[in-house]
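Visitor: I would like the atomic coordinates for the input below:
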Amino acid sequence: MIVNMHEAKTNLSKLIMRLEKGEDIIIAKAGTPVAKLVAYEERPQRVPNKLKGKVHFIEEFDSQDGEIIKLFEGEL
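Guide: Predicted coordinates:
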């Protein structure tokens, strides 16, 4: 659904009810879309160190490969 700016300001409550039902709402200014209303989605709380002890890196993870460095620096 596309609504103009004035209509959006006047009918915000009605537009929010339509959002809750899953409808997309585009707000236009002089017929040109300028904004999209989207329903709020609760995101799960991040838990610090959730994967601690579950992810392991090999010892050479940070080591540099000489051949790859030469490729990036154009020495080949």
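
Visitor: what's in contact with stretch 10-18?
Guide: 1, 3, 8, 25, 37 (C-beta atoms under 8 Å, 6 or more residues apart in numbering). Glycine gets a C-beta too; all of them are placed from N, C-alpha and C.

Visitor: From S13, how far off is the second one?
Guide: The span separating V3 from S13 equals 13 Å under the rule C-beta to C-beta, to the nearest Å.

Visitor: Please tell me how far F72 sits from F61.
Guide: From F72 to F61 the distance is 18 Å (C-beta to C-beta).

Visitor: just P44 next, same as before
Guide: The value you get for P44 to F61, if C-beta to C-beta is used, is 29 Å.

Visitor: next one: L51
Guide: For L51 relative to F61 (C-beta to C-beta), the value is 16 Å.

Visitor: again with I25
Guide: 47 Å.

Visitor: Neighbour count: these two, which is higher?
Guide: I25 (17 against 7; other C-beta atoms under 10 Å).

Visitor: and the residue lying closest to the more buried one once chain neighbours are set aside, how many neighbours does it have?
Guide: Spatial nearest neighbour of I25, chain neighbours left out: L37 (4.0 Å); criterion: C-beta to C-beta, 6 or more residues apart in numbering. For L37, the count of nearby residues is 17 (other C-beta under 10 Å).

Visitor: Repeat that for the one 3 residues further on.
Guide: Burial of Y40, expressed as a neighbour count using other C-beta under 10 Å, amounts to 8.
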